[in-house]
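**Q** Only the shape, not the letters, is given here:
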């Protein structure tokens, strides 16, 4: 984001910073706030990018008002520097915010599809090169996001499981062995002196038996505690593993569905481009006036593919349209000429 704002600053879209880095930092924070609003409400992306790209946007445009409020939240005295609404500065914030928001989901495709048709009709100034680079990035990102390699996805899913599974350290207990030497000494002490026949009296015998029993009880208790705690840890581990597998399974199902949609989009687009047949009008595009066919082809293709469409679908449409009779990339029509031709061909 900082690089983009710097590029727009160098292009002359941002003014009255006067080398004040603190003002620039406030712009960055405002941009992050606007980007979050765009992520939360994707329909606002269209309004934001249209305002960001239009040098002649009215100062009271809602997207500019949104950006200005975010900037004022960070820069309370902004109005003392910019007595009028700083349209170009706010356009820069919107453009940078759109770039941040494009990193999530289908936002890049939404932005690219909105901006690519609008750009030829604009008269951008020094910021044109910067804007072109941003659009290329969105086109590439949206295309890559639409094409998923299922094998790589499966491999990544397995890796996610291993990454998420924290290695649980089970509590270990030191081996509780019978200390025969120590026990022998305790028994000897408890047994006391022997009589002339070499035997111990009854009381001493009972004392030695108690020592042996106590030692066995201690060993049994220690082992039982170890088993219980180990069992609890195993249950916690299995519960964690179950949750991870459940989440990963859901994620993998989403990847499989998206892969299927991608392949279906490609298949449908290929069939459409080769057939040159309009499902909506049940006739060949070659049978239609070229201007009417151009409009119908766009509608038909959109009905054949998933939305938002990847960048390549727009290029496919252009290629197929220019295969029609009397069409070609060397033939240019102004918007006014196109509208006049459409009105004529409809009758």
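**A** Now that the structure is in, tell me what you want to look at. Note that this is a predicted model, so its numbers are computed, not measured.
**Q** Give me the helices and strands touching the longest helix along the chain, please.
**A** The longest helix of the chain (DSSP state H) is helix 202-275. Applying 3 or more CB pairs under 8 Å, 6 or more residues apart in numbering; DSSP states H and E, we find helix 202-275 packed against helix 150-164, helix 180-191, helix 290-304, helix 311-321. For every residue, glycine as well, the C-beta is placed using N, CA and C.
**Q** number of nearby residues for the closest residue to residue 327 other than its chain neighbours?
**A** Leaving aside its sequence neighbours, residue 327 sits nearest to residue 290 (CB to CB, 6 or more residues apart in numbering; 5.5 Å). Using other CB atoms under 10 Å, residue 290 has 17 neighbouring residues.
**Q** Wait, residue 290 touches residue 325, no?
**A** Yes. Applying CB atoms under 8 Å, one finds residue 290 in contact with residue 325, separated by 6.9 Å.
**Q** Might you list the low-confidence residue ranges for the stretch 51-200 of the chain?
**A** For the stretch 51-200 of the chain, the stretches flagged by pLDDT under 70 are 145-200.
**Q** so where do the helices sit in it?
**A** 62-74, 78-81, 87-101, 107-118, 128-146, 150-164, 180-191 (DSSP state H, counting those that start in this stretch).
**Q** buried stuff in the shortest one?
**A** For helix 78-81, the buried set under the neighbour-count rule, 16 or more other CB atoms under 10 Å, comprises residue 78.
**Q** same deal with the first one?
**A** Neighbour-count burial for helix 62-74 flags 63-64, 66-68, 70-71, 74 (criterion: 16+ other CB under 10 Å).
**Q** now these in TSV, with distance to residue 342?
**A** Shown next, in TSV, are the buried residues of helix 62-74 (distance: CB to CB, whole Å):
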residue	distance to residue 342
63	30
64	33
66	35
67	36
68	39
70	41
71	42
74	47
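**Q** Name the residues that touch stretch 38-45?
**A** For stretch 38-45, contacts defined as CB atoms under 8 Å, 6 or more residues apart in numbering pick out 37, 48, 63, 66, 97-98, 100-101, 104-107, 110-111, 114.
**Q** And those, which is closest to residue 307?
**A** Minimum distance to residue 307 across the contacts of stretch 38-45 is 8.6 Å, recorded for residue 106 (CB to CB).
**Q** Kindly tell me how buried the nearest residue to the closest one once chain neighbours are set aside is, as a neighbour count.
**A** By the measure of CB to CB, 6+ apart, the closest residue to residue 106 outside its immediate chain neighbours is residue 308, 5.1 Å from it. For residue 308, the neighbour count with other CB under 10 Å is 21.
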